[in-house]
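Asks: can you look at this prediction? I've put the sequence above it.
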Amino acid sequence: MASSSNEWTALGLSPWLGSTCAEMGLRKPTPIQTACITPALQGRDVLGSAETGSGKTAAFALPVLQALSEDPFGVFAVVLSPARELAQQIADQFTALGARMQLRVAVVVGGVDMMRQALQLAERPHIVIGTPGRLADHLRSS
């Protein structure tokens, strides 16, 4: 497991994130992760495109989690998703990758009670994942 963890840390990720990846069965970075993680950690804007199942979520979630672990206060990232189901999948990935850091994630999508979502947002989650329409609804209502 140490060697697979090293491939992640070679991209600039902290050892704890490298270990988390290895423990989750992510043996080595995929091409999209290799292309995106290091520049994202350097604070550069990254635009990536890859096939379904290629590891795109981890390509942006891992740098976000590393930066959050270094400064863990308040809402840290907002992730826009075009669909409710994808928003939940992204949330599940953030939750799994951030399990060691007591990560708080809120999913804000249509078809779910807005008051319940507003209460989640009031708890100041680290990561907010939502669809554009529902996020706009919350911004207008508060």
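Replies: Received the coordinates, thanks.

Asks: wait, what's in contact with residue 42?
Replies: Counting by Cβ atoms under 8 Å, 6 or more residues apart in numbering, residue 42 makes contact with residue 12. Quick note: C-beta positions are derived from backbone N, CA and C, even for glycine.

Asks: now it: how far from residue 12?
Replies: With distances taken as Cβ to Cβ, to the nearest Å, residue 42 is found 8 Å from residue 12.

Asks: and what of residue 70?
Replies: Between residue 70 and residue 12 the computed distance is 12 Å (Cβ to Cβ).

Asks: okay, these two: which has more neighbours?
Replies: residue 12 (16 against 8; other Cβ atoms under 10 Å).

Asks: now the more buried one, what are its backbone angles?
Replies: Torsion angles at residue 12 (phi, psi; degrees, to the nearest 10) stand at phi 110, psi 0.

Asks: list the contacts of the residue minimising distance to the centre of the chain.
Replies: Residue closest to the mean C-alpha point of the chain, counted by Cα atoms, centre = their mean, is residue 61 at 3.2 Å. Taking Cβ under 8 Å, 6+ apart, we find residue 61 in contact with 90, 93-94, 97-98.

Asks: at 7 Å instead, please
Replies: By Cβ atoms under 7 Å, 6 or more residues apart in numbering, the residues touching residue 61 are 93-94, 97.

Asks: next, count neighbours for the residue nearest to residue 14 when sequence neighbours are not counted.
Replies: Closest residue in space to residue 14, ignoring its immediate chain neighbours: residue 66 at 5.6 Å, by Cβ to Cβ, 6 or more residues apart in numbering. By the measure other Cβ under 10 Å, the count of residues near residue 66 is 17.
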